[in-house]
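Participant: Build me a structure from this.
(one chain, ligands or ions: 2)
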Amino acid sequence: MSAPNHNHSIDMQELDRMRPPDEARAIIARHLTPVGSEHVPILDAGGRILAEDIHAPEDHPPFPASTMDGYAVLAEDSSPWREIIGTQHAGAIIDAEVTEGYTVRIMTGAALPPGANAVVPVEATELMEDHVVIHQEDVKSGENVRPVGSDLKQGTLVLPKGTRLGAPEIGLLASMGIDPVPVARKPKISILSTGDELVEPSDHQPLGPGQIRDANRFSLATSLREEPVEITWIGMAPDRREDLETLLRTRLAEDDIVITSGGVSMGELDLIKAILFDADDVQVHFRRLYMKPGKPLNFATHDSTLIFGLPGNPVSSLVTCELFIKTAIRQMIGLSADKIDRPTLRVTLLEDVNPSDRIEYQRGVVSVGADGRLVGRNTGSQISSRLQSFLGINALLIIAPRESVYRAGEQVSAIMLAPPYAD
Ligand code: AMP
Ligand code: MG
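Facilitator: Ligands and ions are numbered 1, 2, ... in the order given. Sure, this is the predicted structure:
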């Protein structure tokens, strides 16, 4: 006899209750574990999430630096004639002190020589053999000089943990000498497409009776790669229980997230749902959502591994991946809290929209209208097999269920996947 099965002991009605998407997200958030961190070379750190607070280890600039090519002078010196006693290039230090009547030629980024407290730009001077004539009256102390620590003060928190590292962040890390960089480990994810009808896209034979090409594994992997993840390619499997079980077993031991597509509806061969439910070491948390598309999403855990049994329809799998899996990933990699959810904006509908009996996430195009307000429309037929409904979109329009049609001119919320388009 095996250990008692947790799933078999829970109330089936509760397990299959259609959960509002927000409740489902809260359940997922309660079961995820943040991934650990690792150090990577700075050039590999772009797009990753910083795993530690980074404080400035030193002042920047570390010396008073000239912002101009010109002459380092004593501001208080009133005579226009200065004798040139040397040249200070960036990265070199000459042995010269600027006193009244003297100057050092200086380049942008070079350290101000001792004694000097201002730089007169070369444009305001006239060179005469070993002298220079300063044509600028009233030179102020500190003029054209970046004081020590003016860009970055030693000890300031420059980049908090949870920052996504883009070009300026990488530049700052480099200027602070942070290499290698502490970042969140990439969650390990495997994606398995299931279904007897599936054929590899690289298989160029004409489709046999009842066959279709596997789309989901490829669309899901591409969508997931927007986040720093490591995807294990395990292919597709027919609807055979033993095969699916064996495959899932190996992945559950290895991965942070296991994703399956297909096999979670009410059909006889909807085996993923049955396998998860019957596994003694897998806890199923919910199996139905009060939303469209994506109603039959199965969410389960095995130790710290999250398991998402996505519906097979290409639109359903991609929408649920966006709303639930990518949100979970952003939490697991420790992205700062205000960046976990995509921004939601109110948009004015350009056309009538028919609501459904569940919260519907319609693929939408949002742009800035003539008056500066945001306007949106959906992409035609929203049937969950029609992947074209995703083309060109930058938003998911949230259409809450209600009796009456949403009329053009009404406002709805839109989850923004990319910025609004221009007018
Ligand atoms: P299922 O969730 O297995 O009942 O599948 C629902 C629908 O999605 C069926 O029409 C399947 O043929 C289709 N489907 C399932 N898996 C895929 C896939 N990987 N790529 C494209 N379509 C799929
Ligand atoms: Mg199927």
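
Participant: Buried ones in the longest strand along the chain, by neighbour count?
Facilitator: Taking DSSP state E as the criterion, the chain has its longest strand at strand 359-368. By neighbour count with 16 or more other Cβ atoms under 10 Å, strand 359-368 contains the buried residues Ile359, Glu360, Tyr361, Gln362, Arg363, Gly364, Val365, Val366, Ser367. No exception for glycine: its C-beta is placed from N, CA and C like everyone else's.

Participant: Quickly name whichever of those is closest to Glu322.
Facilitator: Minimum distance to Glu322 across these is 8.5 Å, recorded for Tyr361 (Cβ to Cβ).

Participant: so what's the closest one bridging to?
Facilitator: Ile398 (DSSP bridges).

Participant: Can you tell me which residue is spatially central in this structure?
Facilitator: Closest to where the C-alpha atoms of the chain average out (Cα atoms, centre = their mean) is Glu227, at 5.4 Å.

Participant: Helix, strand, or coil at it?
Facilitator: Secondary structure state of Glu227, per DSSP: H, G, I helix; E, B strand; the rest coil, is coil.

Participant: Quick check: nearest residue in space to it, chain neighbours excluded?
Facilitator: The shortest distance from Glu227 to any non-neighbouring residue, by Cβ to Cβ, 6 or more residues apart in numbering, is to Ile329 (4.8 Å).

Participant: after the helix or strand hosting the one you found, next one along is what?
Facilitator: In this assignment (DSSP states H and E), Ile329 forms part of helix 326-332. Remark: after helix 326-332, the chain's next helix or strand is strand 344-349, criterion DSSP H and E.

Participant: Show me what counts as buried in that following strand.
Facilitator: For strand 344-349, a neighbour-count test (16+ other Cβ under 10 Å) marks Leu345, Val347, Thr348, Leu349 as buried.

Participant: nearest to ligand 2, of the buried residues of strand 359-368?
Facilitator: Nearest to ligand 2 among the buried residues of strand 359-368: Tyr361, at 21.9 Å, using Cβ to the ion.

Participant: quick one: that closest one from Pro401, how far?
Facilitator: 12 Å (Cβ to Cβ, to the nearest Å).

Participant: likewise Glu52?
Facilitator: Counting by Cβ to Cβ - Glu52 and Pro401 are separated by 45 Å.

Participant: can you check Ala124 too?
Facilitator: In terms of Cβ to Cβ, Ala124 sits 71 Å off from Pro401.

Participant: now swap in Gly235 and tell me
Facilitator: Separation of Gly235 from Pro401 (Cβ to Cβ) stands at 38 Å.

Participant: What of Thr163?
Facilitator: Thr163 is 39 Å from Pro401, where distance means Cβ to Cβ.

Participant: who's more crowded, these two?
Facilitator: Between Thr163 and Pro401, counted using other Cβ atoms under 10 Å, the more crowded position is Thr163 (22 against 13).

Participant: Isn't the more buried one up against Glu169?
Facilitator: Yes. Counting by Cβ atoms under 8 Å, Thr163 does reach Glu169; the two are 6.0 Å apart.

Participant: got any residues that touch both of these two?
Facilitator: Leu50 (Cβ atoms under 8 Å, 6 or more residues apart in numbering).

Participant: what helix or strand is Pro201 on?
Facilitator: Using DSSP H and E, Pro201 sits within no helix or strand.

Participant: Contacts only, for the residue nearest to Gly166 when sequence neighbours are not counted.
Facilitator: In this structure, Gly166 finds its nearest non-sequential neighbour in Gly46, 7.0 Å apart by Cβ to Cβ, 6+ apart. Listed by Cβ under 8 Å, 6+ apart, the contact set of Gly46 reads Leu165, Gly166, Ala167, Ile170.

Participant: Could you tell me which of those count as buried?
Facilitator: Applying 16+ other Cβ under 10 Å to the contacts of Gly46 flags Leu165, Ile170 as buried.

Participant: okay if I get the contacts of Gly46 as JSON lines plus distance to ligand 1?
Facilitator: Shown next, in JSON lines, are the contacts of Gly46 (distance: Cβ to the nearest ligand atom, whole Å):
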{"residue": "Leu165", "distance to ligand 1": "33"}
{"residue": "Gly166", "distance to ligand 1": "33"}
{"residue": "Ala167", "distance to ligand 1": "36"}
{"residue": "Ile170", "distance to ligand 1": "37"}
